[in-house]
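Asker: After the sequence you'll find the predicted model.
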Amino acid sequence: MEFYYVRRFDEDLDFVWERFKKKLEEEGFLLIGERIPVAITEGEDGIIADYHLLFICHSELVEELVKIDPNIGALLPCTGFGYRKEDGNYLGVALPSIAWKVAGKKVVEIMEPMEEKLKKIIDSL
């Protein structure tokens, strides 16, 4: 099972990225930080450019998670990402229900509805 959800877009990455951020905020997510740590690199599948990272949090959800384990901050925040390839632009999110299994079943159950919301946001772009 993949630990991320990603979609390919024909639209310009910067355009899709800005729409993604706007929709996240409309849904109550906090955008904690944003970076472009990789300008261009070559991977097995070709050139990858303008690698964007977005750190996402939802304060109500964090409160629920902290009640379960105050050390949950070691896994926060959630991550959105985007990049350009020769065949198009890609936008995705990490899936906490997979990546955070180490935190236990209760945390995974809390994260699943949020991750479905993130998928719907990406699909709506």
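Answerer: Sure thing, it's come through.
Asker: what residues does the longest helix along the chain touch?
Answerer: The single longest helix within the chain, with elements called by DSSP state H, is helix 105-124. The contact list for helix 105-124 (Cβ atoms under 8 Å, 6 or more residues apart in numbering) reads 5, 7, 20, 23-24, 27, 56, 58, 61, 64-65, 68-69, 72, 78, 80, 91-93, 95-97, 100-101. For glycine as for every other residue, the C-beta is placed from the backbone atoms N, C-alpha and C.
Asker: any idea how far it is from the chain center?
Answerer: Centroid separation for helix 105-124 versus its chain: 10 Å, with Cα atoms, centre = their mean, to the nearest Å.
Asker: Send me it as PDB with only the CA atoms.
Answerer: Listed next in PDB are the C-alpha coordinates belonging to helix 105-124 (Å, rounded to 0.1, in the frame of the first residue of the first chain):
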ATOM      1  CA  LYS A 105      -4.600   2.100  15.800                       C
ATOM      2  CA  LYS A 106      -6.400   4.900  17.600                       C
ATOM      3  CA  VAL A 107      -4.300   7.500  15.900                       C
ATOM      4  CA  VAL A 108      -4.800   5.900  12.500                       C
ATOM      5  CA  GLU A 109      -8.500   5.900  13.000                       C
ATOM      6  CA  ILE A 110      -8.500   9.600  13.800                       C
ATOM      7  CA  MET A 111      -6.400  10.400  10.700                       C
ATOM      8  CA  GLU A 112      -8.400   8.500   8.100                       C
ATOM      9  CA  PRO A 113     -11.300  11.000   7.800                       C
ATOM     10  CA  MET A 114      -8.800  13.900   7.500                       C
ATOM     11  CA  GLU A 115      -6.800  12.000   4.800                       C
ATOM     12  CA  GLU A 116     -10.000  11.400   2.800                       C
ATOM     13  CA  LYS A 117     -10.700  15.200   3.000                       C
ATOM     14  CA  LEU A 118      -7.200  15.800   1.600                       C
ATOM     15  CA  LYS A 119      -7.700  13.400  -1.200                       C
ATOM     16  CA  LYS A 120     -11.000  15.100  -2.100                       C
ATOM     17  CA  ILE A 121      -9.300  18.500  -2.100                       C
ATOM     18  CA  ILE A 122      -6.700  17.200  -4.600                       C
ATOM     19  CA  ASP A 123      -9.300  15.600  -6.700                       C
ATOM     20  CA  SER A 124     -11.300  18.900  -6.800                       C
END
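Asker: Perfect, I'm done here.
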